[in-house]
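1. Got a sequence here, can you build the structure:
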Amino acid sequence: MADDTQKSQPSGAQKMLGDFAPALVGFTDDVLFGQVWKREQLSPKERSLVTVACLTTSGNTDQLVYHLSLARANGATEEEIIEAITHLAFYAGWPKAMAAMTVAKQVFRDGTD
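-> Down below sits the predicted model:
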């Protein structure tokens, strides 16, 4: 379960989907962020870098704004994130890496987080 601090303010999922998809909001808040992200086998920083990599390779840039900011909050440096996305260009393709890097630039330089 998500802790009481998270419950006192609406989550991002709650703000986006509200009562439209309560089951998905519940799974997002309670299972994904309440359980999976709290497992000890990977640090929050490592989970964030894996998530940024997955979003980059799948071309899902909509979720990158949030997860790039979360990666920074979890201890990943701008240099580490840029290097990870650059590395992914060789495995996921240039267009996906360029799209992700454009989002990263907006988040890091333009403050779109």
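
2. From now on I want contacts and neighbour counts done on CA atoms only, so please keep to that.
-> Noted.

3. And the helices in the chain?
-> Remark: helices assigned in the chain by DSSP state H are 4-8, 12-17, 22-26, 44-58, 64-73, 78-92, 94-109.

4. Give me the distance from the fifth one to the chain's centre.
-> Right, the one you point to is helix 64-73. Centroid separation for helix 64-73 versus its chain: 5 Å, with Cα atoms, centre = their mean, to the nearest Å.

5. Now it: buried residues?
-> 64, 65, 67, 68, 69, 70, 71, 72 (16 or more other Cα atoms under 10 Å).

6. Which residue of the chain lies farthest from its centroid?
-> Here the chain reaches farthest from its C-alpha mean at residue 19, the gap being 22.7 Å by Cα atoms, centre = their mean.

7. how's the protein carved up into domains?
-> 12-41, 43-109 (automatic domain parsing).

8. Using TSV, lay out the helices of the chain together with distance to residue 34.
-> Compiled in TSV, these are given as follows (distance: least, Cα to Cα, whole Å):
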stretch	distance to residue 34
helix 4-8	9
helix 12-17	13
helix 22-26	10
helix 44-58	13
helix 64-73	15
helix 78-92	24
helix 94-109	25
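
9. Same list (the ones you listed) but as JSON lines, adding distance to residue 36 and mean pLDDT.
-> Formatted as JSON lines, the helices of the chain follow (distance: least, Cα to Cα, whole Å; pLDDT from 0 to 100):
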{"stretch": "helix 4-8", "distance to residue 36": "15", "mean pLDDT": "50"}
{"stretch": "helix 12-17", "distance to residue 36": "16", "mean pLDDT": "88"}
{"stretch": "helix 22-26", "distance to residue 36": "13", "mean pLDDT": "94"}
{"stretch": "helix 44-58", "distance to residue 36": "10", "mean pLDDT": "98"}
{"stretch": "helix 64-73", "distance to residue 36": "15", "mean pLDDT": "96"}
{"stretch": "helix 78-92", "distance to residue 36": "22", "mean pLDDT": "98"}
{"stretch": "helix 94-109", "distance to residue 36": "24", "mean pLDDT": "97"}
